[in-house]
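Participant: Just to be clear, the model below is a prediction. Sequence and coordinates:
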Amino acid sequence: MRIVRRLFREDCLLCSDAAGRISNLCDACLSDLLLLGHSCPICSRSMPVRTLCNDCSARMPAFQSTLAPYQYAGAVKYLIGRAKFDSNLAATLSLGELLAGWLKLNLLSRPDVLIPVPLHPSRLRHRGYNQATEVAKVVSKQLGIAVRGNFCERVRDTQPQSEMVDGRARRRNVRGAFSCRNSAGELGSVALVDDVMTTGATLHELAVQLVKAGVSDIQVWVVSRTVSFYNQ
C-alpha cells in the first residue's frame, strides 16, 4: 500500500495541498497553468493570431494538425521533468488527465488510434517506462480511443533532443530514428501522443514513417508546446 501511495499521491505535486479535479494537482495550482493561446493550426507554434507560421507555409510537416493546450513553462515543465527524469508516475497521471480534460472540450476530429512516441529500448530500460505511453493510456481511458504502442519503434538511440537548440540539428538527429510496420491499413486515422513539442522534428519524423506505412490522417496531441521558437 505504501508503494502505491508513493506512485499515485493524493496531494498536489506542486504545493502538497489536497488534490482537486486533476490527480496529484490542487485546483489552485491547476488555475495557474499557462495555456498556449493563439497558435499555428498545423504545428501549434505560438502566434499573435491563429494562422499558419512561416515554416508550415513553406513546408508542411507530415502531420496535418497539432493540439497542445499548455505552454512548456512553469508547473507543466516541472511535471514533465518529474515524469521524465524522476520516474514519477504520479506526474504522468496528472499530465494525462490535463491533456484528456482539454481534449474533451476542444477536440473536433477523433482519431481511430493513439500512438505514443516510442523510446529506444536502451532508454526505456534506463527510465523504466515511456512517459508518452503513460500519458496516452490516461487519454485512451478517458476518451475511449485504443492505444497502439507497438506499431512503431525507435530503432536508433539518438542524442536527446533537449541538448540541441538548432532546428536543423534536431531534424538531422532523428532522421531514420523510427520504423513502423509496412501495412497500416487497419489503423485508420492516428494521433501521435507526447509530453512536449519543441520544433516538431521528432513528431514529423515519426509521422513520415507512418505515411510510408500507409497512414494518411495524422494528428499530434501533446500536453505542452514551447513558445521560444516563434516565427512569423
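Facilitator: Received the coordinates, thanks.
Participant: Please, where are all the strands along the protein?
Facilitator: Counting by DSSP state E, the chain has strands at residues 65-67, 70-71, 113-116, 146-147, 152-154, 178-180, 190-197, 218-225.
Participant: biggest helix in this structure by residues?
Facilitator: In the chain, with assignment by DSSP state H, the single longest helix is helix 89-106.
Participant: Now that one: buried residues?
Facilitator: For helix 89-106, the neighbour count (16 or more other Cβ atoms under 10 Å) marks 89-103 as buried. The C-beta positions use only the backbone N, C-alpha and C, and glycine is treated the same way.
Participant: Mind giving me the packing neighbours of that helix?
Facilitator: strand 65-67, helix 74-85, helix 131-143, strand 218-225 (3 or more Cβ pairs under 8 Å, 6 or more residues apart in numbering; DSSP states H and E).
Participant: relative to strand 218-225, how tilted is that helix?
Facilitator: 120 degrees (axes from the mean of the first three to the mean of the last three Cα atoms, to 10 degrees).
Participant: Touching, Ala91 and Ala83? I think so.
Facilitator: Yes. With contacts counted by Cβ atoms under 8 Å, Ala91 reaches Ala83, the gap being 4.1 Å.
Participant: The helices and strands packed on helix 89-106: lowest mean pLDDT?
Facilitator: Mean pLDDT per stretch puts helix 74-85 lowest among those, at a mean of 94.
Participant: Output the below-cut-off pLDDT ranges for the chain.
Facilitator: 1-9, 158-170, 172, 176, 182, 184-185, 228-232 (pLDDT under 70).
Participant: Closest to the centroid, which residue in it?
Facilitator: The centroid of the chain falls nearest to Asp194 when counting by Cα atoms, centre = their mean (1.8 Å).
Participant: wait, what's in contact with that residue?
Facilitator: Pro116, Val117, Ala132, Val135, Thr202, Leu203, Val220, Trp221, Val222, Val223 (Cβ atoms under 8 Å, 6 or more residues apart in numbering).
Participant: repeat that with 6 Å
Facilitator: Applying Cβ atoms under 6 Å, 6 or more residues apart in numbering, we find Asp194 in contact with Val117, Ala132, Val222.
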